[in-house]
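*Asks:* Would you be able to build a 3D model of this:
(3 chains)
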Amino acid sequence: MATQEVTASAVRLRATRRRWGEDVVKVVLALCALISILTTVGIVVSLFLPAIEFFRDVSLWDFLTGRTWAPLFEPSHFGVLPLVAGTILVSLCAALVCLPFGLGAAIYLSEYARSRERKILKPTLEVLAGIPTVVYGYFALTLISPLLQDLGIQEGVFSALSAALVMGVMLIPTVASLSEDAMSAVPRDLRDGAYALGSNRMQVSLRVVVPAAISGIIASFVLAISRAVGETMIVLIAAGGQPNWTFDPREAVQTMTAFIAATGQGDVPTGSLEYKTIFAVGATLFVMTLVMNLFSIRLVRKFREVYE
Amino acid sequence: MSDTIRGVLPAPQRELADPSLGEVVFDVDDLGVSYNGKPALKDVNLEIYKNFVTAFIGPSGCGKSTFIRCFNHMNALIPGAKIHGTIHYHGADLYGHEVDPVEVRKRIGMVFQKPNPFPKSIYDNAAFGPRVLGMTDDLDGRVERALEQAALWDEVKDRLKASALALSGGQQQRLCIARCLAVEPDVILMDEPASALDPIATTRIEDLMHELKNDYTIIVVTHNMQQAARVADMTAFFSVERGEEGQRTGILVEYDATPKIFTQPSDQRTEDYVTGRFG
Amino acid sequence: MSVTSLRAERPRGRVSSGLFKAFLLFSIGVGIVTLGTLLVTVVAKGYKYLDLVLLLEPPSADPQIAGARPAILATIYLGVLLIAFSVPIGVGTAVYLEEYANRDRWYNRLLEVNIQNLAAVPSIVYGILGLAFLVRGIGLGRVLLAGAMILTLVVLPTVIIAAREAIRAVPDSIRQAAYALGATKWQVVWRQVLPAATPGIATGSILALSRALGETAPLLLVGALTYVAFDPTILGDFTALPVQIFQWVARPQEDFRILAASGIIVLLLILLTLNAFAIWIRNRYQRKW
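*Replies:* Below is the predicted model:
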């Protein structure tokens, strides 16, 4: 039944009571969103304030260019290059594994695999990504390192290579997943056109699909390297605990992340110079990964825009 | 002209609706709608009468859906949409100062083109409106009455807890109508309610419109002229006007009693449309 | 008319094609073989010490009687706290971004970029944040609650992203119908959108939880000790299963290596269960709109 005869005077279209409940909800939700902003602010503050204090005592130039890292010795040296070198060495070697094989896996899944194969292979690779890094560290130390020692490649218990190989395999799904997304987004017509001209699958993959998906592929590369740079447990367990200025992956090295973990674990007195080294190195690490992440995010947005 | 409507159907046997006898529910003055500055509809002037079925017809893109959504503030959900002009609802300015969309939608309900029941039980679908509006007294009774008015009660009374998505397309649309009726509105807006349905289901919806207009005022948008001829008392024909830079704006061309629109239209554009010369 | 030969291309083309495909298969193979080797060696080694002692006894200097009980309990507590913290905040943020925020405003776009960036920050940086603010800054100390809070921050971006996708997947027609019946925005969200998005949110949250329980680095910095012999409490010293594994791995004795492998088996089983549960939810409840 319609409501009783509605006359002009009886129609009231204003709210019967102020809906302040809605405003409360919006504020609460915005506060939730604020937490992520506060996290970033917190990270920046917690890294850079102590880091700035640190650089009052240690010159930035010495820090960035010095090749000796010995904060506890007399006299102490605060050259961060050995740690950076360790990080770069491990990351580069890991990249030599995960970039080509990740891309290869992606091409296979995207261009060669049949639907049933994909259904099995793709989740299996994802499992690789889901295994905790401490397990990979264990694997590197107990299986890969002895193997490398037996092969005469590695001398000591620790080496950058051992950690890098395992890290590289761990990162294969990262590269594969994002690259495959990018390649799936390439429209079928491009491939069909090339096939129709008589190209074989390899040519289509390499000359048509990969170039078309290149920004997504590069984004995946950058993301994987960024993850390698930020990885802690594998290097902490298998790469070594002594800073070492070297470019030979067969030697033991200490990365920035391993240094932070090792120092941060101990009972370092708050406010001491040694305590502040955590933040100085942490800030360096953060800046490196931030630059890479922003670059990668931009690239992903670009490839998504082109095809969606 | 004969008493077939353009030779398509025999003229429906009902009293000729006489606008001068109707109470005005909506008074639309110089209404226009723009999206981000681009006008989609302009200069609409008409009156909607109580307990009439009013149809909006016209080619696609002429703004009829945009127009009908003005009546229940649904355009407000689209960012960048702006309403110019006024609509008076029983004398009150629909877009006046501090008008609450919830109060508006309580009285003016809507049924959509594609049936969109909630992914819940049949009962919960019909009960949703009363629940959110605080009309929870005799909920079972409200649900039953709404489903009866929508001619769905007999088909579902034994399975009110079943999922609404298990119903056929026509049943889902009747459920959407029941859902709308459950809050006891004054006006029902229907945006192409039968266009996604098969002919038999369409006929049932049209029959429903005949029954419902005794208690409600109904506005229906349709791209199907014959449907308008079958169900509507008053018909408004909209068309598209091209601007200097080629932009298309909807305008109201003619608004009159349905038989007149279809048999003796005043405007040449209306005659061209209803005879199928274009559109 | 001569018949054109339709035989395959020149041998040189075939060789390079074959090599290429071999490389691709090798790429996939590397991953799968490594995964298989890892699992096999871990199970083969750790099987020996996989028993009730492992589950029920605290760690000890003597590997024969050492167990991982405090670590397992702490991991469970962390998991519960993690869900309790990250799901409301994550879903709240996702609802804000999808339903309430005006996309044209600069601060909302900044919020989105911020979340994407946080998802890629190394987890050890979160550990530094926790060390500076929670442990030393406000003096909470090296307690389980601090670990839970920091892991929440690590996992939050993932939960937000998953929740946003689930909310976005709810068709707009449902919202329109609800608004047209006179529902307010919050009523539409609470009564229609969130219930419909729940399976997706649940799946995403559980997968995020599973990743977080495997994290070690932030916990190390926030004070998970590597030798805790008593059951954990929320405001007390704590360890966690990955940390316990780390401690055992670091010891050179073979027995501890075996213990580490057993611990890994337990950890992997926990994660496997969580992941399987998440996928079950997705398959059973996910609606195809």
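
*Asks:* Apart from its neighbours in sequence, what residue is nearest A:Ser145?
*Replies:* A:Ser162 (4.4 Å; C-beta to C-beta, 6 or more residues apart in numbering or on different chains). Yep, even glycine has a C-beta here, placed from its N, CA and C like the rest.

*Asks:* So what does the one you found look like in phi/psi?
*Replies:* When read as degrees, to the nearest 10, the backbone of A:Ser162 gives phi -60, psi -50.

*Asks:* For the residue nearest to the spatial centre of chain C, report the pLDDT, please.
*Replies:* Closest residue to the average C-alpha location of chain C: C:Arg211 at 1.6 Å, with C-alpha atoms, centre = their mean. pLDDT for C:Arg211: 92.

*Asks:* Over to the one 3 residues further on?
*Replies:* At C:Gly214, the predicted lDDT confidence score is 93.

*Asks:* So what's the gap between whichever strand or helix holds C:Val80 and the chain middle?
*Replies:* Here C:Val80 sits within helix C:69-95, counting by DSSP states H and E. Averaging C-alpha coordinates over helix C:69-95 and over its chain gives two centres that are 11 Å apart (C-alpha atoms, centre = their mean, to the nearest Å).

*Asks:* How about stretch A:169-179?
*Replies:* Put simply, stretch A:169-179 sits 11 Å off its chain's centre (C-alpha atoms, centre = their mean).

*Asks:* before we move on, what about stretch A:174-190?
*Replies:* 20 Å.

*Asks:* which parts of it are buried?
*Replies:* For stretch A:174-190, burial by neighbour count (16 or more other C-beta atoms under 10 Å in any protein chain shown) applies to A:174-183, A:185-186.

*Asks:* Among those, which lie within helices?
*Replies:* The members of the buried residues of stretch A:174-190 that map onto helices under DSSP state H are A:174-183.

*Asks:* Could you work out the most separated pair of the buried residues of stretch A:174-190?
*Replies:* Farthest-apart pair in the buried residues of stretch A:174-190 is A:Thr174 and A:Val186; separation 20.1 Å (C-beta to C-beta).

*Asks:* Get me the contact residues on chain B for chain C.
*Replies:* Within chain B, the positions adjacent to chain C are B:72, B:74, B:77, B:79, B:101-103, B:105-106, B:109-110, B:112, B:114, B:116-119, B:128-129, B:131-133, B:176, B:179-180, B:183 by C-beta under 8 Å from any C-beta of the partner chain.

*Asks:* Any of the residues you listed buried? List them.
*Replies:* Neighbour-count burial (16+ other C-beta under 10 Å) applied to those gives B:72, B:74, B:101-103, B:105-106, B:109-110, B:112, B:114, B:116-119, B:128-129, B:131-133, B:176, B:179-180, B:183.

*Asks:* when you check those against the strands, which ones overlap?
*Replies:* B:109-110 (DSSP state E).

*Asks:* which ones among the buried ones among the residues of chain B next to chain C are found in helices?
*Replies:* B:101-103, B:105-106, B:128-129, B:131-133, B:176, B:179-180.

*Asks:* Make TSV out of the residues you listed and add pLDDT and distance to chain A.
*Replies:* Shown next, in TSV, are those (pLDDT from 0 to 100; distance: C-beta to the nearest C-beta, whole Å):
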residue	pLDDT	distance to chain A
B:Pro101	90	9
B:Val102	91	7
B:Glu103	91	5
B:Arg105	94	10
B:Lys106	93	9
B:Phe128	96	18
B:Gly129	95	14
B:Arg131	95	16
B:Val132	94	12
B:Leu133	92	11
B:Cys176	96	19
B:Arg179	96	16
B:Cys180	95	12
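
*Asks:* picking up where we left off before, helix, strand or coil: sort out the residue nearest to the centre of chain C for me.
*Replies:* helix (DSSP: H, G, I helix; E, B strand; the rest coil).

*Asks:* For it, give me its contacts.
*Replies:* A:130, C:155, C:158 (C-beta atoms under 8 Å, 6 or more residues apart in numbering or on different chains).

*Asks:* Tell me how many other residues crowd residue 58.
*Replies:* You didn't say which chain, so I picked chain A. 20 (other C-beta atoms under 10 Å in any protein chain shown).

*Asks:* that answer is for a different chain, and I need it for chain C
*Replies:* For C:Pro58, the count of nearby residues is 16 (other C-beta under 10 Å).

*Asks:* Phi and psi next, for it.
*Replies:* Taking degrees, to the nearest 10 as the convention, C:Pro58 sits at phi -80, psi 170.

*Asks:* Up against chain A, what does chain B have?
*Replies:* Counting by C-beta under 8 Å from any C-beta, chain B sits next to chain A at B:89-92, B:94, B:96, B:98-100, B:102-104, B:107, B:184-186, B:215-216.

*Asks:* Around A:Gly86, count how many other residues there are.
*Replies:* Counted with other C-beta under 10 Å, residues neighbouring A:Gly86 total 30.

*Asks:* pretty sure it is in contact with A:Pro243, am I right?
*Replies:* Yes: A:Gly86 lies in contact with A:Pro243 (C-beta atoms under 8 Å); the separation is 6.8 Å.

*Asks:* shared neighbours of these two, which are they?
*Replies:* Taking C-beta under 8 Å, 6+ apart as the contact rule, the neighbours common to A:Gly86 and A:Pro243 are A:253-254.

*Asks:* Is there any residue in the helix ranked longest in chain C that contacts chain A?
*Replies:* Longest helix in chain C by number of residues (criterion: DSSP H): helix C:11-46. Yes: counting by C-beta under 8 Å from any C-beta, contacts between helix C:11-46 and chain A involve C:13, C:16-17, C:20-21, C:23-28, C:30-32, C:34-35, C:37-38, C:41-42, C:45.
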